[in-house]
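S.K.: need a 3D model of the sequence below.
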Amino acid sequence: MEVTLRKEHEDGSATYTFDMNDNERHALLRLGIITALERGIEEAKKYRDDEEYPDVETDSSLQRSPV
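M.R.: A predicted model of the protein is given here:
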């Protein structure tokens, strides 16, 4: 991956170019999707009503039975 500074702006921000091959691009995309999902799950936990939505991992009545 090659990162090139294109322009420094007066407000302190900057514009960069990221030059990536297909493997790097796919890895970055996967990381972005996984990170977005993880953060969405964490954010949703703030609004969860434990009585209405019990924790699947700790509630034995919600565990899968062996096949």
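
S.K.: SS state for the spatially most central residue of the chain?
M.R.: Centre of the chain computed as the mean C-alpha position; nearest residue by Cα atoms, centre = their mean is Thr35, 1.2 Å away. What DSSP: H, G, I helix; E, B strand; the rest coil gives for Thr35 is helix.

S.K.: give me the distance between it and His9.
M.R.: Distance, Thr35 to His9, using Cβ to Cβ, to the nearest Å: 26 Å. (Glycine included, C-beta is placed from N, CA and C.)

S.K.: can you check Leu29 too?
M.R.: When distance is defined by Cβ to Cβ, Leu29 is 27 Å away from His9.

S.K.: hey, where'd the strands end up in this structure?
M.R.: In the chain, the segments counted as strands under DSSP state E are 2-8, 14-19.

S.K.: can you pull the buried residues of the least confident helix or strand in the chain by mean pLDDT?
M.R.: The helix or strand of the chain with the lowest confidence, counting by mean pLDDT, DSSP states H and E, is helix 22-45 at a mean of 93. Neighbour counts over helix 22-45 (16 or more other Cβ atoms under 10 Å) mark no residue as buried.

S.K.: which residues sit against that helix?
M.R.: 1, 20 (Cβ atoms under 8 Å, 6 or more residues apart in numbering).

S.K.: so for Arg48, which of the strands of the chain sits nearest?
M.R.: With Cβ to Cβ as the measure, strand 14-19 is the member of the strands of the chain nearest Arg48 (36.5 Å).
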